[in-house]
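# 3D, please:
(one chain, ligands or ions: 1)
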Amino acid sequence: MRRLLALCSLLAAVPALAQGVGYTDTPKLPGQPWRVHDKDRPNPPVVDPGPAPKTIAPPPSDAVVLFDGTNLDAWQHASGQSAKWELVGDQAMQVRPGTGDIQTRESFGDVQLHLEFATPAEVESSSQGRGNSGVFFFGRYEIQILDSYDNKTYADGQAAALYGQWPPLVNASRKPGEWQTYDIIFEAPRFDENGKLERPAYVTMFHNGVLVHNHRAMLGATRHRDVATYAPHGPTGPIKLQDHGNPMRFRNIWVRPLDLDGPAGDDELDHEDND
Ligand code: MG
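Here you go, the predicted structure:
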C-alpha cells in the first residue's frame, strides 16, 4: 500500500510525463526533427563497455586534481560555503542530498575532464529519478549523469546526453553501483566583444572508454523542457556537479586546461564543418 501511495504521488508530481519517459508538449529543437525531451525520440543502442577497471588510474602529470579522495578543498557551494558532500571511503565522495550542487573554486575554459561516478547500487525510482546528477561546464552546460542501465527515459536525458539537446551515440552504461568513467573534451563557446556568439561550445566524450560524442556542438546553456540558448559569459567558469537528490558517488576527478587557440593548438580548424 505504501508503495502504491508512493507511486501515486510520483505520478501526480509529473503529469506531463507521458509514460514517464518523455514529453509531447515541449518546443522543437532547432535543426533536429525532435522536441526537447521528446517521448518518441529513439534511445541509442546499448553497448557493453566491459568491466570497470579494478584500480584507479593515476592522473597525467599536468592535470589539476579536483578530487583524489582525501578532501573536498577544490569544491564549494555556489554561495561560497565549503562543500557539504561527504567522504565515504574507497577514495570517493557522495552527494549529501539536499545540500545542493558543488562547483570548483577554480575556473576553467577549454578542458579535458576525467571523472568517475557510481549510481546507487540499490535501485529506487525510475527514469530521471534514478541515479541522477550531472556535470556542468561553466556551471551551465550539462552533460547528464544518470543510471541508464535498463532504465528508460527520454533520449536527450539519459546518461552522457548533452541534456535536452543530444543523446549519446550509444548507451555504454555499467550496472548500478559499478564505477563508470567520463572523459570529456569541452571547448568553450566564443563570444565577440558585443556578446554575440562566434562559435558554440563543442563536446567530444568517451563514456567508459566508448565514444559517445564526436565534436558535437551544443545549442546553448542547459534548460529543462525548453530550448537551450546562449548568454554571453567570460572565457572561464566553474565546473559543477549536481545534487539531484540521489546519493551518487564520485572519485578520481581531474582536469587538464587546454590551450586550443595558442601556438600548440590549431586555430585554423574550421569548426563549422565538423558537426
Ligand atoms: Mg542531471
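# from here on, contacts and neighbour counts on C-alpha atoms
Noted.
# just the helices in this structure please.
Remark: helices assigned in the chain by DSSP state H are 2-13.
# how about the residues of it by the ion?
Where proximity means CA under 5 Å from the ion, the interface of the chain facing the ion comprises Ser133, Gly134, Gln144.
# so who does the second one touch?
Each residue near Gly134 by CA atoms under 8 Å, 6 or more residues apart in numbering is listed here: Glu142, Ile143, Gln144, Ile145, Leu146, Lys240, Leu241, Gln242.
# the fourth one against Ala160, yeah?
So the one you mean is Ile145. Yes: applying CA atoms under 8 Å as the test, Ile145 and Ala160 come out as touching, 6.2 Å apart.
# among the contacts of Gly134, which lie within strands?
With strands taken from DSSP state E, the overlap with the contacts of Gly134 comprises Glu142, Ile143, Gln144, Ile145, Lys240, Leu241.
# dump the residues of the chain next to the ion into TSV; add pLDDT as well.
Formatted as TSV, these follow (pLDDT from 0 to 100):
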residue	pLDDT
Ser133	96
Gly134	98
Gln144	98
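# re the thing from before, export the contacts of Gly134 to CSV and tack on neighbour count?
Rendered in CSV, the data for the contacts of Gly134 read as follows (neighbours: other CA atoms under 10 Å):
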residue, neighbour count
Glu142, 27
Ile143, 29
Gln144, 23
Ile145, 27
Leu146, 29
Lys240, 24
Leu241, 24
Gln242, 22
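# and those, which two are furthest apart?
Of all pairs drawn from the contacts of Gly134, the one with the longest distance (CA to CA) is Leu146 and Lys240, at 15.4 Å.
# tell me who's in contact with Ala52.
Contact analysis of Ala52 by CA under 8 Å, 6+ apart lists Arg174, Glu178, Trp179, Gln180, Asn208.
# okay, the most centrally placed residue in the chain: pLDDT?
Computing the C-alpha centroid of the chain and ranking residues by CA atoms, centre = their mean puts Ile143 first, at 2.3 Å. Looking at Ile143, its pLDDT reads 98.
# my guess is it contacts Phe136, does it?
Yes: Ile143 is within contact range of Phe136, at 6.3 Å (criterion: CA under 8 Å).
# what touches both of these two?
Contact with both Ile143 and Phe136 is made by no residue, according to CA under 8 Å, 6+ apart.
# tell me which of the ones in strands among the contacts of Gly134 is nearest to Leu197?
Checking the ones in strands among the contacts of Gly134 against Leu197 by CA to CA gives Glu142 as the nearest, at 18.6 Å.
# show me the contacts for that closest one.
Residues in contact with Glu142, defined by CA under 8 Å, 6+ apart, are Gly134, Val135, Phe136, Leu162, Tyr163, Ala221, Thr222.
# and what of Leu258?
Leu258 neighbours (CA under 8 Å, 6+ apart): Gly109, Asp110, Val111, Gln112.
# distance check, it against the ion.
In this structure, Leu258 and the ion are separated by 25 Å, where distance is defined by CA to the ion, to the nearest Å.
# and for Thr222?
To the ion, Thr222 is 10 Å away according to CA to the ion.
# that residue touches Ala201, doesn't it?
No: judged on CA under 8 Å, Thr222 makes no contact with Ala201 at a distance of 11.9 Å.
# pLDDT at the closest residue to Pro42 other than its chain neighbours, what is it?
For Pro42, the nearest residue in space outside its immediate sequence neighbours is Ala155; the separation is 6.4 Å by CA to CA, 6 or more residues apart in numbering. On pLDDT, Ala155 comes in at 97.
# residue contacts, Ala155?
Neighbouring residues of Ala155 by CA under 8 Å, 6+ apart: His37, Asp38, Lys39, Arg41, Pro42, Asn43, Pro44, Ala161, Trp166, Pro167.
# can you give me the strands for the stretch 151-275 of the chain?
Listed from the start of the chain, the stretch 151-275 of the chain has strands (DSSP state E, counting those that start in this stretch) covering 180-187, 190-191, 197-199, 202-207, 210-217, 240-241, 249-257.
# for the last one, name the packing helices and strands.
Under the contact definition 3 or more CA pairs under 8 Å, 6 or more residues apart in numbering; DSSP states H and E, strand 249-257 sits against strand 64-67, strand 92-94, strand 111-118.
# now the angle from that strand to strand 180-187?
Going by axes from the mean of the first three to the mean of the last three CA atoms, to 10 degrees, strand 249-257 is angled at 30 degrees with respect to strand 180-187.
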